[in-house]
Structure formats: structure tokens, C-alpha cells
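S.K.: structure of the sequence below:
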Amino acid sequence: MRFLIAGGAGFVGSHVADRLLFLGHAVVCMDNFLTGVPRNIQHLIDHPDFHPITQDVSEPFEVEGELDGVLHLATPASPLAYQRHPIETLKAGANGTFNLLELAGAHDARFLLTSTSEVYGDPEVHPQVEEYHGRVSPTGPRSMYDESKRFAEAATMAYHRAHQANVGIVRIFNTYGPRMRADDGRVIPTFGSQALRGEPLPLFGQGLQTRSFCYIDDLIDGLIRMLLSSETGPINLGNPDEVTMVTLAEKILEIANSQSTIEFKPMPVDDPVRRQPDITKARTLLGWEPKIGLEDGLRLTINWLKDNLNPV
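M.R.: Numbering: from 1, shown residues only. Got it, this is the predicted structure:
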């Protein structure tokens, strides 16, 4: 089959491209490199079934040839990136989603939206189930990302209901692994790179807020299962093992054999206190659950960071 990946040079997108090519499919990789990293796909440039396109998904475009699937991963995904590019983030969720839905419809292709656990905001329900509607600020400092994804979900379901579009929605929880930008502000590459440099690790509040971290290989398995299924969703994809930030920091310092210290700082506005997915639907509908434990995943990630602290 032939798939278009919007945001294909990003952290998750490039791994999706790897997996689809490994499975024998062809990939059209679309990216404007606002936050995508060229070397994430450099090893694929000479692959006969890999076709890169430099294109902003928010602007009009056409794609020649047949398509069996369209994957929307095109958005700044880290807090530093989407706060640096708030308008582009909103346009990717709005214009980009419409453009890709129209493209999928024109090619009679399945459309897969990668949404986010951020649609739950600072949740009052724990762990988060797909039926929970969230507690999100529409005007807060994270709103450009949260609301762009919530709008994208609404647009996707509107096409599904109005045009019987073949769509799927996954809500991705915290994911980590090789190819994350060391400077993108997400906690594992930030802590990992700081630990390797011997710099202090900043912890907000008392470090007792929690996240649940899924290694990239596990996430890609779930995404491919959803892509090749007929499920509409939304379906949570993430690791349900919850960990506090202070525990995470201590694990990273140990694995990196670092002498860095931990510095406590005030909590940022609208930062969720707890985050943990309920993956019952993923287990029952997709036969998916993560297999790689946090310590193993952290070792793989930190080993990669040692050689990639300054991606270009």
C-alpha cells in the first residue's frame, strides 16, 4: 500500500515511516521542517519507496498517485515548540486537518489523526478514559496545542458523520525514544541531556506530579494496528505505568551515571498534575499494549542522546 505521513520528519513520523517501509509499503513524507529534523529521514532518502515532499500542511497542496492512507502527525508537539509557534500550531490543527481529510476523501483513503492526551487537560478523572471530556483552558498558555487537537478531533468526526469518511483517532500519551530533539522541552530528552552535560535537572513543585511514558517502538506498533484497522476511536495509546517526576529524574541520573543535582522550581500554569491512560480499548479492540519497560527504554534513549545532543 501507499501512505502519506504529514509530519513525516518528526520524532514519531519518522519512526512510522521506518515501520511502514519495513512492512513493504510505500511512504510519501510531507514536512515543512518547522520542527521536524532533516536527519530523521536522511537514512531513507535513497529508499525506492520513500518519497519526501517539502510542504506546509496548512497550505493548499496536491499529491499525485494512489493513496491508501493519510496520517496526520503534522504539528509542533513539545511545549517549547508550540508556544514558540502558536499560530502555526493552530493552523496545523484546523487548516491542516481539513486539507488532509479532503485529500483522504479524494483518494478513498483511510485517515488517521494522531491526537493527544492533552485533550484531557488537567484531569479530574484518573486514569483517563476516552469518554472523559477533559478540563482544558481555552485561553491558557497551552491552549494553542490543546484546542488545536480538540478541534482536529471534531473535524475528523464531522467528516466521518457527514461523508462516511474512513477515519481513526488515537490519543497519544507521553512518548519518548531516539530522535527526540534534545532541546524541545519535553521531560525525558531535557533531563537526559542535562544529566549527560552535568547540568541541574529542574523539577516543578515537589516533583510529585505524574506521567506515564511509552517507548516509541511500542507506540508505533499501536499506530500501525490502528491504521490498518477499521476502528474509529478515539483510542488511547500510552503506557499505563505511572511515575512521579522526581522518580523519573532519579532514574535518569542513575542510568546516565551523572553527578547532576535536582533543582525545584514553581509549578507552571495549567501543567497537569496527573496523567495516566486507561488502555482498555487499545487492548480489546487493537490487541495492543506496551511491552518495553521504563528503565529499558530510558537506557536506549540516553545511549542515543550521548551521540545526538545537538540535532540539526
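
S.K.: just checking, what packs against the longest helix along the chain?
M.R.: For the chain, the longest helix by residue count, based on DSSP state H, is helix 143-163. When contacts are defined as 3 or more C-beta pairs under 8 Å, 6 or more residues apart in numbering; DSSP states H and E, helix 143-163 packs onto helix 79-84, helix 86-91, helix 97-106, strand 110-116, strand 167-172. Any C-beta I mention is one placed from the backbone N, CA and C, and that applies to glycine too.

S.K.: compare these and give me the one nearest residue 66.
M.R.: With distances scored as C-beta to C-beta, the stretch of those nearest to residue 66 is helix 97-106 (10.9 Å).

S.K.: which residue of this structure lies farthest from its centroid?
M.R.: Relative to the centre of the chain, the most outlying C-alpha is that of residue 259, 30.6 Å out, by C-alpha atoms, centre = their mean.

S.K.: so that residue is in contact with residue 198, correct?
M.R.: Yes - using C-beta atoms under 8 Å, residue 259 is in contact with residue 198, at 6.1 Å.

S.K.: just to revisit the earlier point, of all the helices and strands packed on helix 143-163, which one is nearest residue 17?
M.R.: That would be strand 110-116 among the helices and strands packed on helix 143-163, by C-beta to C-beta, at 13.6 Å.

S.K.: what's the closest one packed up against?
M.R.: Counting contacts by 3+ C-beta pairs under 8 Å, 6+ apart, strand 110-116 is packed against strand 69-72, helix 97-106, helix 143-163, strand 167-172, helix 216-227.

S.K.: who's in contact with the residue farthest from the centre of the chain?
M.R.: For residue 259, the contacting residues are residue 198, by C-beta atoms under 8 Å, 6 or more residues apart in numbering.

S.K.: are we agreed that it is in a helix?
M.R.: No - the assignment for residue 259 by DSSP: H, G, I helix; E, B strand; the rest coil gives coil, which leaves it out of any helix.

S.K.: just the helices in the protein please.
M.R.: Under DSSP H, the chain gives helices at 11-22, 79-84, 86-91, 97-106, 143-163, 187-197, 216-227, 245-255, 280-281, 294-306.

S.K.: now for residue 61, how many residues are close by?
M.R.: Using other C-beta atoms under 10 Å, residue 61 has 14 neighbouring residues.

S.K.: against residue 65, how distant is residue 106?
M.R.: Residue 106 sits 12 Å away from residue 65, going by C-beta to C-beta, to the nearest Å.

S.K.: again, but for residue 237
M.R.: From residue 237 to residue 65 the distance is 29 Å (C-beta to C-beta).

S.K.: got it, and residue 83?
M.R.: Counting by C-beta to C-beta, the gap from residue 83 to residue 65 is 37 Å.

S.K.: looking at these two, which is more packed in?
M.R.: Neighbours were tallied for residue 83 and for residue 65 using other C-beta under 10 Å; the higher tally belongs to residue 83 (15 against 10).

S.K.: wouldn't that one be in contact with residue 143 here?
M.R.: No - Residue 83 is not in contact with residue 143 according to C-beta under 8 Å; the separation is 10.2 Å.

S.K.: burial of the nearest residue to residue 227 once chain neighbours are set aside, as a residue count?
M.R.: The shortest distance from residue 227 to any non-neighbouring residue, by C-beta to C-beta, 6 or more residues apart in numbering, is to residue 112 (5.1 Å). The tally of other residues near residue 112 (other C-beta under 10 Å) stands at 28.

S.K.: I figured residue 112 hits residue 72, correct?
M.R.: Yes - judged on C-beta under 8 Å, residue 112 makes contact with residue 72 at a distance of 6.9 Å.

S.K.: of all the helices of the chain, which one is nearest residue 209?
M.R.: helix 245-255 (5.6 Å).

S.K.: tell me what that closest one is packed against?
M.R.: Secondary elements touching helix 245-255 (3+ C-beta pairs under 8 Å, 6+ apart): helix 187-197, strand 201-204, strand 210-212, strand 262-265, helix 294-306.

S.K.: direction included, what does the second one pair up with?
M.R.: By that I understand strand 201-204. In the sheet, strand 201-204 lines up against strand 262-265 (parallel) (DSSP bridges).
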